[in-house]
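> fold the stuff below for me.
(one chain, ligands or ions: 2)
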Amino acid sequence: MGRPVLAAGDAATDSGAANRSGAISPIASSAPISICHCSSASAWSIAAAGWVSGGIGQAYHRAAVFAAIVYNRGKTSPEVDVPENEVVERERMEYDVVIVGAGPSGLSASIRLKQLAAEAGREISVCVVEKGSEVGAHILSGAVFEPRALNELLPDWKEKGAPLNTPAIEDRFLLLSERKAWRLPTPPQMHNHGNYIISLGNLCRWLATQAEELGVEIYPGFAAAEVLYDETDRVVGVATGDMGIGKDGQPTANYTPGVELRGRETLFAEGARGSLTKTLVERFHLRADCDPQTYAIGIKELWEIDPEQHRPGLVVHTVGWPLDNRTYGGSFLYHLEGNQVSVGFVIGLDYDNPYLSPFEEFQRFKTHPAIRHFFEGGRRVAYGARALNEGGFQSIPRMDLPGGALTGCAAGFVNVPKIKGSHTAMKSGMVAAEAIFARLSGNETASARAELERSWVWDELYRVRNIRPSFRLGMWAGLAYSALDTYVFRGRAPWTFHNHSDYDQLARKDAMPPIRYPRPDGKISFDRLTSVSFSFTNHDEGQPAHLKLRDPEKAISINYRLYDSPEQRYCPAGVYEIVDDGQSGGKRLQINAQNCVHCKTCDIKDPGQNIDWVVPEGGGGPNYPNM
Ligand SMILES: Cc1cc2nc3c(=O)[nH]c(=O)nc-3n(C[C@H](O)[C@H](O)[C@H](O)COP(=O)(O)OP(=O)(O)OC[C@H]3O[C@@H](n4cnc5c(N)ncnc54)[C@H](O)[C@@H]3O)c2cc1C
Ligand code: SF4
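Ligands and ions are numbered 1, 2, ... in the order given. Coordinates of the predicted model:
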């Protein structure tokens, strides 16, 4: 039987779908004419391309191609047999700039590019692809938001209705023991006067509308699966993943090939531990001159609480219990508008005990006497998890590539003592846009990294560079050193502590005490699988697992035997399970990939670096409402 392709007529009728993303640019593109290598999925778009001409025609054509794919996704299409060896070619679309990821950094970059083009009286075509089903669907943050970068990017954000509705009005910093809580002086970095408690997902949704108004084309539901290179090893864009591949790796009746998005420059804004970024870091040795990146896992819930317990604008952070002195981490609890509270727990992924479960530490934390009253009588409305980077200044890689750059948390700009990275992600996107615009304008030596070094992000991260690494000596030593560094040296100590990678910090199971966690009560603390249902995660079960083991054998010979399979505990979604292997009487690792919330922790923490997280079909993953 030949390879099935979609019937041309299938895609031809849904004009509503063409407008789905609202992405049709009213601004003519100066990019080279789009080259259409036709697959039958785009019959409608071919007609459209012939029907209209000029820049609007190109933007319309591109939008139509994406719309046709969206329309056909998940449909059972009539099969058309083609000869076995016929190659189904990918669509190719050309832009000035392609951006991977519609988070704060990617969206800010896209807006800045359009602003620079308008200031110069030029036109520039910019495309953003986003793997979430909509912008914001994969965004998970605290978030207390510092508006410095937003003030620079869109100074009239208030008039334009940005969703910054709850000013932070009170900071509390607590040290917890098992039964007690002590209020500590709030460190200066954690003062939030002038900041806002927000949903970062909603801010991204709003930024996307601003970008689209400027003519940026945004395509949610499309995961960039592959970096494209030319013969000189220059990055020339990305390809989105094929759709409709079966578990056996073969095309199914729903097969639709990915799309090549060719850019004169490509910006990678995938956030912490981006899957394409990881390949770029290796290929171009971007970390040759800096420390390894380090990470934490952040697990979060959104609650609607009893109005009696609600204090809009209250920001609470805790350290101490339930973590021991050796393990870095703490909680956040932010009171938003509408009786909502964001509560979460962050644990440094350099922890050593393979029995530690970040998920259960978080559940346990909520039961503390100083905390649980906030949740009694309330209800949980959402759950999710995401890795964040913690390496800071010492771990900033080379950001420039031939043909592109890294930006935002893909490179890593979280200010750990502030527990904030969205303002630095935005600013890094803006400066990367400035460098890229200069390159497109003929200044080939313009560099995103050089622009960043001239920006306030550089100075901000430099001043706090020693604080997170000092916690390697334990919580008490870290707190003491942080006070010294902040109040005496003011961030200018004549030394710099170094970072280490996280995966090799895990001790073997025999060297560590097992940890027993209490059973969840189902009211304030919950089990893992019930929790995952509150992330509204969905993956087509027919596709190949997007969690790849480099050597499947090591799941048992190394992970199980030496570390008691820590992935069973650090995965916040219950993806990894050790089950009996019916045939040999032994054990095997079962991967429930459809539960994955895309936090990337397994890619980071696996002790043998044996797990590669790659993108599933676009649109798969969590569907966070307002995280
Ligand atoms: C638990 C937690 C709490 C936090 N609290 C705060 C806080 O209170 N204040 C604060 O300022 N910061 C906070 N941060 C940090 C902040 O969220 C990040 O620094 C910020 O989101 C980084 O922005 P980004 O655009 O670089 O990446 P992200 O926000 O991660 O966005 C990346 C986007 O790219 C998409 N993407 C990734 N790969 C692909 C691909 N291959 N193809 C297509 N799309 C792709 C993703 O789906 C995502 O939408 C917190 C982070 C966490 C995890
Ligand atoms: S499988 Fe990996 S990326 Fe997915 S939720 Fe689990 S730890 Fe996170």
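
> rest of the way, CA atoms for contacts and neighbours
OK.

> what's next to stretch 470-483, contact-wise?
187, 320, 325, 326, 327, 328, 466, 467, 468, 497 (Cα atoms under 8 Å, 6 or more residues apart in numbering).

> what separation do you get for the fourth one and ligand 2?
In other words, residue 326. From residue 326 across to ligand 2, the span is 22 Å (Cα to the nearest ligand atom, to the nearest Å).

> would you agree that residue falls within a strand?
No. Read with DSSP: H, G, I helix; E, B strand; the rest coil, residue 326 is coil and lies in no strand.

> just the pLDDT for it.
Per-residue confidence (pLDDT) for residue 326: 94.

> quick one, phi/psi of the closest residue to ligand 2 within the stretch 1-150 of the chain?
When scored by Cα to the nearest ligand atom, the stretch 1-150 of the chain has residue 138 as its residue closest to ligand 2, at 12.0 Å. When read as degrees, to the nearest 10, the backbone of residue 138 gives phi -110, psi 10.

> shouldn't it be in contact with residue 620?
No. The criterion here is Cα atoms under 8 Å, and residue 138 misses it with residue 620 at 9.7 Å.

> about what we covered before: spit out the contact partners of the nearest residue in space to the residue of the stretch 1-150 of the chain closest to ligand 2 that is not next to it in sequence.
Leaving aside its sequence neighbours, residue 138 sits nearest to residue 132 (Cα to Cα, 6 or more residues apart in numbering; 5.4 Å). If you count contacts by Cα under 8 Å, 6+ apart, residue 132 has them with 138, 220, 221, 222, 223, 618, 619, 620, 621, 622, 623.

> distance of the residue of the stretch 1-150 of the chain closest to ligand 2 relative to residue 502?
24 Å (Cα to Cα, to the nearest Å).

> report the separation between residue 534 and ligand 1.
16 Å.

> could you count how many residues lie near that residue?
Neighbour count for residue 534, taken as other Cα atoms under 10 Å: 19.

> what's the answer for residue 117, then?
Around residue 117 there are 16 other residues, counting by other Cα under 10 Å.

> by mean pLDDT, point me to the weakest helix or strand of the protein.
None of the helices or strands of the chain scores lower by mean pLDDT, DSSP states H and E than helix 15-18, at a mean of 29.

> now do residue 49, the pLDDT please.
37.

> equivalent analysis for residue 449, please.
Looking at residue 449, its pLDDT is 97.

> likewise residue 255?
89.

> that one belongs to a helix?
No. Applying three-state DSSP, one finds residue 255 to be strand, outside a helix.

> return the distance of it relative to residue 241.
From residue 255 over to residue 241 (counting by Cα to Cα), the distance is 11 Å.

> re the thing from before, out of residue 138 and residue 502, which sits in the busier spot?
The neighbour comparison of residue 138 against residue 502 (other Cα under 10 Å) goes to residue 138, with 32 against 21.

> OK, contacts around that one?
131, 132, 201, 598, 621, 622, 623, 624.

> around ligand 1, which positions in the stretch 151-300 of the chain sit nearby?
Within the stretch 151-300 of the chain, the positions lying close to ligand 1 (Cα under 6 Å from any ligand atom) are 223, 224, 225, 269, 270, 271, 272, 274, 276, 298, 299, 300.

> the same query, at a cut-off of 5 Å, please.
With Cα under 5 Å from any ligand atom as the criterion, the stretch 151-300 of the chain meets ligand 1 at residues 223, 224, 270, 271, 298.

> contacting residues for residue 137?
So residue 137 contacts 201, 622, 623, 624, 625 (Cα under 8 Å, 6+ apart).

> what distance do you get for it to ligand 1?
Counting by Cα to the nearest ligand atom - residue 137 and ligand 1 are separated by 7 Å.

> which SS class is that residue?
coil.

> what does it show for phi and psi?
Dihedral angles (degrees, to the nearest 10) for residue 137: phi -60, psi -30.
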